[in-house]
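[1] Turn this into a model:
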Amino acid sequence: MQENYHKNIKICPVCRSSETEFIYQLESAPMQNKIYDRLEDALRENKVKITLWGCKNCSFVFNADFNPENIDYSSDYDNTQEYSQYFLRYIKRLGKRLIKKYDLKNKSVVEVGCGKGGFLKILYQSGVKNIKGFDPSYVDHDEEIDNLVIKKYFSPDFLKEKFDFVVCRHVLEHIPNPYEFVNSIVSCLKDEGVMYFEFPSLEWIVKHKAFFDFYYEHCNYFTKNSVITLFRQFGFTSITINFGLKGQYFQVEMRRDNERNSVSETEKDKEALRKIFLRKNIAEKLFREISDFLESEIRKWKDMVEKLDNFVVWGAGAKGITFLNRLNIPQEKCRYVIDINPKKHNKFVPITGQKIVSPQILREENIKNIIIMNPAYKNEIISCAKKYGFQGNFIILE
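    Numbering: from 1, shown residues only. Predicted coordinates for the structure are as follows:
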């Protein structure tokens, strides 16, 4: 049984409503994208709590026990996905679309949370020369973009001018105070400027019962309603929401203007009053779904893994590491995690201690089953595994 937290009401970080409720509590390994050179260090890593709360007013979900002091986005943190050709094509198409739509070659651009610089480099090589990036995890390794990246957390203090366009991909879900964070970014945006944000969709997580998509670094889980609620508070009336990577990510483009998609304050007020009861019912239903599927899916997959022989997990990213830790799968049951990122090879997963290896292991070991964590990559993974002679079963979490 989950502990009763209802007496300790939390304030929603997005809309500041006190109409919040406890949903579920999980344990997880901290720093899902931080892996270890030594097995002993990996096994010593501590677990931390994820206590999910939801806002009935805007349907935002957040980890009420998140503590930023537990997080270290240093150079050891690696969530690079560009080793996947599928993902690389995805972000190249995204870059091409944004450049064309917003004429970015003739605009000033800043990327907040540029990671190792993969997307920033795509924009730069495509002709976006007036561009800067911020990220403490960036490592000087690419002469072409090294001087474009400030290896610090984003702050308006580092900028001498306002920008035409802001890119912020897979950062907002990590920020415990999303309102204050967005406010700091907006302060650096020109009056007619545009922002592009990308982050996971909670609706996708619930629809696909992805119990492994709740992890400590992600203290925020956005629904479409909470996305609109957040950005409208800053005067963004023209908000376009698309979906990326097979529906997994929100792709949010916004500007402060009066285009035909905008909604007047009066209309917004009327709409809010008309739908307030329905909105709360939808939120409460969503929260029940989260609690129910977390309980049932964890139990289901524990039973399935218990019966599985000679299997590996493909993907030493957040999903794979969370899967192993959520189900508490020991090394004796699963010895390896396969990943195509060579920088992760021969390192170890926190707490459960699996060794991260290249697909070459499929030629060397008698592996009968591969668990694919992300269905978006299944065709790429299946093709790669078969090239290494794998003739076993693929188990896809979808």
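[2] which residues of the stretch 201-350 of the chain score low on pLDDT?
    Within the stretch 201-350 of the chain, the segments meeting pLDDT under 70 span 257-279.
[3] if you set the cut-off to 90 instead, what comes out?
    Applying pLDDT under 90 to the stretch 201-350 of the chain flags the ranges 215-217, 237, 256-282, 309, 317-318, 343.
[4] Break down it into its helices, ranges please.
    For the stretch 201-350 of the chain, the helices defined by DSSP state H, counting those that start in this stretch cover 202-207, 224-232, 265-306, 318-326.
[5] dump the residue contacts of Val312.
    Going by CB atoms under 8 Å, 6 or more residues apart in numbering, Val312 touches 334-338, 361, 367, 369-371. Any C-beta I mention is one placed from the backbone N, CA and C, and that applies to glycine too.
[6] Could you do Leu104 as well?
    By CB under 8 Å, 6+ apart, the contact list for Leu104 reads 98, 123, 127-128, 165.
[7] Highest neighbour count among the residues you listed?
    Leu123 (27 neighbours; other CB atoms under 10 Å).
[8] Using PDB, write out every CA atom in the longest strand along the chain.
    Counting residues, the longest strand found in the chain (DSSP state E) is strand 189-200. Provided in PDB are the C-alpha atoms of strand 189-200 (Å, rounded to 0.1, in the frame of the first residue of the first chain):
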ATOM      1  CA  LEU A 189      13.800  37.100 -25.800                       C
ATOM      2  CA  LYS A 190      13.100  39.900 -28.200                       C
ATOM      3  CA  ASP A 191       9.500  41.200 -28.200                       C
ATOM      4  CA  GLU A 192       8.700  39.400 -31.500                       C
ATOM      5  CA  GLY A 193      11.000  36.400 -30.600                       C
ATOM      6  CA  VAL A 194      10.100  32.800 -30.800                       C
ATOM      7  CA  MET A 195      10.800  29.900 -28.500                       C
ATOM      8  CA  TYR A 196      11.000  26.200 -29.200                       C
ATOM      9  CA  PHE A 197      10.700  23.700 -26.300                       C
ATOM     10  CA  GLU A 198      10.800  19.900 -26.500                       C
ATOM     11  CA  PHE A 199      10.200  17.500 -23.600                       C
ATOM     12  CA  PRO A 200       8.400  14.200 -22.900                       C
END
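[9] mind listing what it pairs with, with the direction of each?
    Strand 189-200 pairs in its sheet with strand 163-169 (parallel), strand 249-255 (antiparallel), by DSSP bridges.
[10] re the thing from before, the helices of the stretch 201-350 of the chain into CSV, with extra columns for mean neighbour count and distance to Ile382?
    Shown next, in CSV, are the helices of the stretch 201-350 of the chain (neighbours: other CB atoms under 10 Å; distance: least, CB to CB, whole Å):
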stretch, mean neighbour count, distance to Ile382
helix 202-207, 19, 22
helix 224-232, 21, 32
helix 265-306, 14, 20
helix 318-326, 24, 16
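[11] These: which one's closest to Met254?
    helix 224-232 (5.5 Å; CB to CB).
[12] Report the inter-axis angle for that closest one versus strand 189-200.
    With axes from the mean of the first three to the mean of the last three CA atoms, to 10 degrees as the basis, helix 224-232 and strand 189-200 are set at 160 degrees to each other.
[13] Could you tell me which other helices and strands helix 224-232 packs against?
    Where contact means 3 or more CB pairs under 8 Å, 6 or more residues apart in numbering; DSSP states H and E, helix 224-232 is packed against helix 178-186, strand 238-244, strand 249-255, helix 265-306.
[14] if you set the cut-off to 10 Å instead, what comes out?
    For helix 224-232, the elements it packs on are strand 48-55, helix 178-186, strand 189-200, helix 202-207, strand 238-244, strand 249-255, helix 265-306, judged by 3 or more CB pairs under 10 Å, 6 or more residues apart in numbering; DSSP states H and E.
[15] Distance from the chain centre to the third one, please.
    For strand 189-200, the distance between its averaged C-alpha position and the chain's averaged C-alpha position is 18 Å (CA atoms, centre = their mean, to the nearest Å).
[16] What residues of it count as buried?
    Buried residues in strand 189-200, counted by 16 or more other CB atoms under 10 Å: 189, 193-200.
[17] hang on, isn't Thr223 packed against Asn57?
    No: between Thr223 and Asn57 there is no contact under CB atoms under 10 Å: 11.7 Å.
[18] any idea how far Lys96 lies from Gly244?
    Here Lys96 is placed at a distance of 14 Å from Gly244 (CB to CB, to the nearest Å).
[19] These two: which is more packed in?
    A count of neighbours by other CB under 10 Å puts Gly244 above the other of Lys96 and Gly244, at 17 against 13.
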